[in-house]
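Undergrad: Return atomic coordinates for the entry below.
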Amino acid sequence: MKLKHRLSLFNIGTKLLLIVILWFTLPYIVKKVIYNNADDELVEKKEKFVHKLDSKEIQDFLLANDSTEVYGNFTILHKEFTQLEVSPNQKTISKDVFFNDIRSIENQESEYRILQHNFKYNNANYQLEIGSNINELNDLIDLLHYIIIITFLLVALFTFVIDGLYISYLLKPFYKIVETKINLINEPEKFNHTIIESKTSEFQELDSALNQMMHRITDLFLKEKQFIGNVSHELLTPIAILKNRFENLIQNQSLDNTAVDKISDSLNTLDSMKKVISNLLLISRIDNKQYQINEEINFDAIISELLENLDDRIQDKNLKITKNIKHQVSFLGNQTLIKILFSNLFTNAIKYNTQNGIIIINDSHIAEKYELTISDTGLGMNKEEAAQIFERFTRIQFDQEGHGIGLAIVDSIAKLHQIEIQVESEINQGTIFRLIFPLSIINTL
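TA: Residues are numbered from 1 along each chain as shown. You can find the predicted model right below:
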């Protein structure tokens, strides 16, 4: 997952967590604020009512009624009520008490926020209740709850988009570094040393470090290729001289059979050395891109020609060859190198196959790519061996003849032609080589 996506997910995750917290805490906070405001109003009304106890109208009412009388007053719309009665509790409690309760006024039930106040007047205890209808308050609380949540969701969505755009802008230099530099780190010759513009110091340091590292890697890479090419070229001359001398010496009639055998072994060793050096020189030239890749390559024609040339080896093992080339395609490349690539793959498929085995060659179009597979029913390899077969001088356990360079050549040729190679193998079941070509370099005949 990309860094900007992880940051965006973390951003939206924190906002969703905040929304959940607000969903549970917001009703309590809103109720607390609204009820506190309602309580303040009730206290103010209580103070006014108690203050009017000195007035003649209320005093006459209290004096004119016995202890069972109740004085009640309420508004037309039942939004408020005031109730005064003789307190059933003989102990006067001066503390105000607030609570919610359902009251029925004129056969209409409503929920009220009630202030209960006990006081003493003219040696008598009274209980005063002042209530305020909170049905509308509860509706308002619910409405405010949803409005705030919806508003916060919109704000969260807006900030998520803005944060995403800003993160993309902030990480743009980083992704440019990844695209133009890190992705090409295995191809030093294609590395772009241009400085990536960025106002972020960490990205500037990363870009600078990559440039310095790749300068050193490029120098070492070029020196390695030059060294291999020079050494390989220089070794061919003395080998040719030694071979010529041994060939002249073996024609000497005075030599006994033992000497002739030793000279023949030496000639075979020189031939083997020459082959290894020639292959190393070939790899060096491929890596240095000394081959033109402007020839039209026809897979079907090349495969048919190579199978015909290898017919003797195929007959020796009595192998069955199945060629299913359904798509007539071609691409621009180097004819000689592509022949070497297929020749090495076919040689391995024959060499490591079992007697009376099978070799199958298929092609197909998969996910905007052209795929050509070469499968055999040979000895196969385990995962560790299959992962190392393209390294130079790597030989699997049962290979006592090769030098471990053939598939390294295949790998170099494939990289030069932008061909992806995948290997699937299983012990005693066989091996499948997949050559995958981007459709951008493939032409349909």
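Undergrad: helices and strands around the helix or strand harbouring residue 100, which ones?
TA: In this assignment (DSSP states H and E), residue 100 forms part of strand 97-105. Contacting strand 97-105 under the criterion 3 or more CB pairs under 8 Å, 6 or more residues apart in numbering; DSSP states H and E are the following elements: helix 3-51, strand 108-121. Every residue, glycine included, has its C-beta placed from N, CA and C.
Undergrad: Which residue ranges of the stretch 251-400 of the chain form strands?
TA: If DSSP state E, counting those that start in this stretch is used as the criterion, the strands of the stretch 251-400 of the chain fall at 295-298, 320-324, 329-333, 358-366, 369-376.
Undergrad: Tabulate those strands in CSV, adding columns for mean pLDDT and distance to residue 179.
TA: Putting the strands of the stretch 251-400 of the chain into CSV (pLDDT from 0 to 100; distance: least, CB to CB, whole Å) gives the following:
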stretch, mean pLDDT, distance to residue 179
strand 295-298, 88, 30
strand 320-324, 92, 38
strand 329-333, 85, 25
strand 358-366, 91, 25
strand 369-376, 92, 21
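Undergrad: can I get these in JSON lines with mean neighbour count?
TA: Putting the strands of the stretch 251-400 of the chain into JSON lines (neighbours: other CB atoms under 10 Å) gives the following:
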{"stretch": "strand 295-298", "mean neighbour count": "16"}
{"stretch": "strand 320-324", "mean neighbour count": "12"}
{"stretch": "strand 329-333", "mean neighbour count": "19"}
{"stretch": "strand 358-366", "mean neighbour count": "16"}
{"stretch": "strand 369-376", "mean neighbour count": "19"}
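Undergrad: As JSON lines, those with distance to residue 226 would be great.
TA: Listed next are the strands of the stretch 251-400 of the chain as JSON lines, based on distance: least, CB to CB, whole Å:
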{"stretch": "strand 295-298", "distance to residue 226": "27"}
{"stretch": "strand 320-324", "distance to residue 226": "41"}
{"stretch": "strand 329-333", "distance to residue 226": "25"}
{"stretch": "strand 358-366", "distance to residue 226": "38"}
{"stretch": "strand 369-376", "distance to residue 226": "34"}
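Undergrad: what about the protein, any weak spots by pLDDT?
TA: Under the criterion pLDDT under 70, the flagged ranges of the chain are 1-5, 52-78, 88-94, 106, 183-193, 224-225, 228-229, 231-233, 395-403, 444-445.
Undergrad: Show me how it divides into domains.
TA: Here the domain parsing of the chain from automatic domain parsing is 3-140, 201-287, 295-444.
Undergrad: any idea which of those domains is most buried?
TA: Highest mean neighbour count of the domains of the chain: domain 295-444, a mean of 16 (counted as mean count of other CB atoms under 10 Å).
Undergrad: Could you tell me which residues make contact with residue 274?
TA: The neighbourhood of residue 274, defined by CB atoms under 8 Å, 6 or more residues apart in numbering, consists of 236, 239-240, 243.
Undergrad: Take these and keep only those in strands.
TA: Secondary structure of those is defined by DSSP state E; no position falls in strands.
Undergrad: of those residues, closest to residue 419?
TA: residue 236 (28.9 Å; CB to CB).
Undergrad: Who are the contact partners of that closest one?
TA: Under the criterion of CB under 8 Å, 6+ apart, the contact list for residue 236 reads 274, 277-278, 281.
Undergrad: what's the answer for residue 26, then?
TA: In this structure, residue 26 makes contact with 145, 148-149, judged by CB under 8 Å, 6+ apart.
Undergrad: Residue 378 is in contact with residue 430, correct?
TA: Yes - with contacts counted by CB atoms under 8 Å, residue 430 reaches residue 378, the gap being 5.3 Å.
Undergrad: coming back round to it: adding distance to residue 305, write the contacts of residue 274 out as JSON lines.
TA: Putting the contacts of residue 274 into JSON lines (distance: CB to CB, whole Å) gives the following:
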{"residue": "236", "distance to residue 305": "28"}
{"residue": "239", "distance to residue 305": "31"}
{"residue": "240", "distance to residue 305": "30"}
{"residue": "243", "distance to residue 305": "30"}
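Undergrad: mind listing which of those are in helices?
TA: Counted as lying in helices by DSSP state H, out of the contacts of residue 274, are 236, 239-240, 243.
Undergrad: Can you give me the neighbour number for residue 177?
TA: 19 (other CB atoms under 10 Å).
Undergrad: just to revisit the earlier point, what's the closest of the contacts of residue 26 to residue 353?
TA: Nearest member of those to residue 353, counting by CB to CB, is residue 149, at 70.3 Å.
Undergrad: could I get the helices and strands packed on strand 97-105 as TSV with distance to residue 302?
TA: Putting the helices and strands packed on strand 97-105 into TSV (distance: least, CB to CB, whole Å) gives the following:
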stretch	distance to residue 302
helix 3-51	44
strand 108-121	91
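Undergrad: quick one: which of the ones you listed is nearest residue 409?
TA: Judged by CB to CB, the one of those that comes nearest to residue 409 is helix 3-51, at 38.8 Å.
Undergrad: next one: the closest one to chain centre, how far?
TA: Average the C-alpha atoms of helix 3-51, do the same for its chain, and the two points are 39 Å apart (CA atoms, centre = their mean, to the nearest Å).
Undergrad: quick one on the thing from earlier: of the ones in helices among the contacts of residue 274, closest to residue 366?
TA: Within the set of those, residue 236 lies nearest residue 366; the separation is 42.9 Å, counting by CB to CB.
Undergrad: do you know how far the closest one is from residue 393?
TA: Relative to residue 393, residue 236 is positioned 19 Å away (criterion: CB to CB, to the nearest Å).
Undergrad: And for residue 83?
TA: Here residue 83 is placed at a distance of 104 Å from residue 393 (CB to CB).
Undergrad: Which parts of this protein are helices?
TA: With DSSP H, the ranges of helices along the chain come out as 3-51, 56-64, 135-180, 201-250, 257-287, 299-309, 311-316, 335-351, 383-386, 406-416.
Undergrad: how far does the shortest one sit from the chain's center?
TA: In this case it means helix 383-386. A distance of 27 Å separates the centroid of the chain from that of helix 383-386, by CA atoms, centre = their mean.
Undergrad: Name all residues that make contact with residue 42.
TA: Taking CB under 8 Å, 6+ apart as the definition, contacts of residue 42 comprise 98, 113-115, 130-132.
Undergrad: Go again with 6 Å.
TA: Under the criterion of CB atoms under 6 Å, 6 or more residues apart in numbering, the neighbours of residue 42 are 115, 130.
Undergrad: Kind regards, and thank you for your time.
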